[in-house]
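Trainee: Predicted model follows, preceded by the sequence.
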Amino acid sequence: MADSSQPYNKIPYKNIYSCKYSNGISIIQPEYQVLPDGSTVNNPAYVSSLASSFWTYKFIIDCDMQMDGSIKSIGIPICHLIKSENIKVYERLDCNTVFNPVPFTLIKNDPSFYYAPKGFKWLKIENLKRYYRGVCVEYILEIFGNYVSSRQSLKIKTTYNIIKFTEDSILVPTCNSKGNLTVKKSCFTSIINNKAILKYKVNILNTGNTALNNVIYNDKIYIPTSFILGKIHINTSNLSIDRNIPGQILINGRFDIIKPGQMLTVIYSIPVENITKPKKYKIGSNVVVSAMYTSAHSVCSSNIDVVKLSSENHCSIINQNKVSFILTIWNTRYSPDTEVTIINYLFIPSGITLQFNNFGMYTATFGNKYDIVPINTNITGPQNIILTCRNLKILQDGCTYKAITFKVISSTIAGKITITNTLKSITLANPNSQVLIDIKNLSSTSNIDILPSVKCQ
């Protein structure tokens, strides 16, 4: 099997294999490799967190080569059980830091390379004029699962010839002689209409040449007790759901057989109908799949930010005819950082004329939602003013306040008349990334009475 990935820091760097120069081309398999995430590890290497093995090969093309032109295609033998959907191929030119995914084909009998060795097929990479002569090109194979490494020969098609590097010295991914399990679990969270759904996808692969019988499946998901769940959906009848232990969901069962090279995909979703407490939740899970002589496990976690807010809408007399409406919003204890959009409705009744002096961070429009309300300009009622503040950040355990300031210019009404400011809505600025479970005092109203003197209610 490919060794588990380990940081590589040996000096000087060494090669597993350096072939003899042939037709202006050399092949090198270094003892180390740089993965697409930038880490330097052993070559080949199995990265357990990705449930994938990585294999790197370098090709050096002489700039003075005249006879054969450049590389047209490369054939690398790999285990015949590996399917194309379980492979990614990256190309890097002249030690560039960019790894570019490139197309490839899998073929047992290629018109140029003929039959692959027994138990293998060709992974064929076409150049397609991405490079010519005088370059070093590096290919990294990322393959789901771990495989035995064995030494084989590569083939290269140049402009005029087929070159076979006859020494069986390049390490390539080889089929396991016995059944062998690889498992990769992925966690996702979707939030739609303020409801969270926990989604899980588990890929189970037999990388061996022998079928696996009576494969046991055990998954444990740690659910906070403040979550109220709906009906759990699973895409297979082989598994059952156990919800008898508080704070846990157990998904257990077995599969009669997984054939050589076969991959099973298990998908389930857990709807969260309600959440009673605010918090930044992390939902962990661990799946173990086992059969005779082999087992594998995979862990993953999901995050759900649950927000709870409180608000207060009040007014303040600055002087005889100058007042403010002030909205304060608190992020309650344990509620994570959030961003919200606030909408207030301010009503100026008939007979009142006022001037707005400051809208703070609000955007103010008339009731038609299009015309902007000017400042320091007389506005006579009746008028509905819509005040909107977007992407207002509120830190955990923090608060924010927004004030609207105006002067009452005149009133033509003899009795009491009231200017009203109503908190219409507080919504999440990013509704697909958080759940909002409560807003205390939503739709609260603050009033200013003109008597004719100004008075806050």
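Mentor: Great, that's in hand.
Trainee: Now do the contacts for the residue lying closest to Pro44 once chain neighbours are set aside.
Mentor: Distances taken as CB to CB, 6 or more residues apart in numbering put Ala2 closest to Pro44, at 4.1 Å, once the chain neighbours are dropped. For the C-beta atoms, the positions are set from N, CA and C on the backbone; glycine is no exception. Under the criterion of CB atoms under 8 Å, 6 or more residues apart in numbering, the contact list for Ala2 reads Pro44, Ala45, Tyr46, Ser53, Phe54, Trp55, Asn146, Tyr147, Ser149, Pro173.
Trainee: Please, which helix or strand holds the spatially most central residue of the chain?
Mentor: Compute the mean C-alpha point of the chain, and by CA atoms, centre = their mean the closest residue is Phe188, 7.8 Å away. Assessed by DSSP states H and E, Phe188 sits inside strand 181-192.
Trainee: Against which helices or strands is that strand packed?
Mentor: The helices and strands touching strand 181-192, judged by 3 or more CB pairs under 8 Å, 6 or more residues apart in numbering; DSSP states H and E, are strand 195-206, strand 212-222, strand 279-291, strand 294-317.
Trainee: one more time with 10 Å, if that's ok
Mentor: Identification of packing neighbours for strand 181-192 by 3 or more CB pairs under 10 Å, 6 or more residues apart in numbering; DSSP states H and E yields strand 52-61, strand 135-144, strand 195-206, strand 212-222, strand 263-275, strand 279-291, strand 294-317, strand 434-440.
Trainee: Report the buried residues of that strand.
Mentor: Taking 16 or more other CB atoms under 10 Å as the basis for neighbour counts, the residues of strand 181-192 that come out buried are Leu181, Thr182, Val183, Lys184, Lys185, Cys187, Thr189, Ile191.
Trainee: Also stretch 82-91?
Mentor: Counting neighbours by 16+ other CB under 10 Å, stretch 82-91 gives Ile82, Asn86, Ile87, Lys88, Val89, Tyr90, Glu91 as buried.
Trainee: any idea of the pLDDT on the second one?
Mentor: Spelled out, that is Asn86. For Asn86, the pLDDT comes out at 96.
Trainee: same question, the last one
Mentor: If you check Glu91, the pLDDT there is 95.
Trainee: Specify the local secondary structure of it.
Mentor: Secondary structure state of Glu91, per DSSP: H, G, I helix; E, B strand; the rest coil, is strand.
Trainee: For it, give me its contacts.
Mentor: When the contact criterion is CB atoms under 10 Å, 6 or more residues apart in numbering, the partners of Glu91 are 98-102, 104, 125, 127, 130-131, 137-140.
Trainee: same check, this time on the third one
Mentor: Remark: with contacts taken as CB under 10 Å, 6+ apart, Ile87 is in contact with Ser52, Ile78, Phe104, Leu106, Leu123, Leu141, Glu142, Ile143, Phe144, Pro173.
Trainee: Adjacent strands (with direction) for whatever helix or strand Lys424 lives in?
Mentor: Using DSSP H and E, Lys424 falls within strand 417-428. Here strand 417-428 is paired, per DSSP bridges, with strand 338-348 (antiparallel), strand 445-450 (antiparallel).
Trainee: ranking these by mean pLDDT, which is last?
Mentor: strand 445-450 (a mean of 86).
Trainee: circling back to that earlier point, what's the closest of the strands paired with strand 417-428 to Gly360?
Mentor: When the strands paired with strand 417-428 are compared for distance to Gly360 using CB to CB, the nearest one is strand 338-348, at 10.6 Å.
Trainee: Which strands and helices lie in contact with the helix or strand that that closest one is followed by?
Mentor: Remark: after strand 338-348, the chain's next helix or strand is strand 352-358, criterion DSSP H and E. Applying 3+ CB pairs under 10 Å, 6+ apart, one finds that strand 352-358 makes contact with strand 322-331, strand 379-380, strand 383-394, strand 399-411, strand 417-428, strand 445-450.
Trainee: Need the winner for burial among these.
Mentor: When these are scored by mean count of other CB atoms under 10 Å, the highest mean neighbour count falls to strand 322-331 (a mean of 21).
Trainee: The strand holding Phe188 versus strand 294-317: what angle between them?
Mentor: 20 degrees (axes from the mean of the first three to the mean of the last three CA atoms, to 10 degrees).
Trainee: partner strands of strand 181-192, parallel or antiparallel?
Mentor: strand 195-206 (antiparallel).
Trainee: so how far is the strand it pairs with from its chain's centroid?
Mentor: Between the centre of strand 195-206 and the centre of its host chain there is 14 Å, according to CA atoms, centre = their mean, to the nearest Å.
Trainee: Over to stretch 193-213?
Mentor: In this view, stretch 193-213 has its centroid 17 Å away from the chain centroid, taken as CA atoms, centre = their mean.
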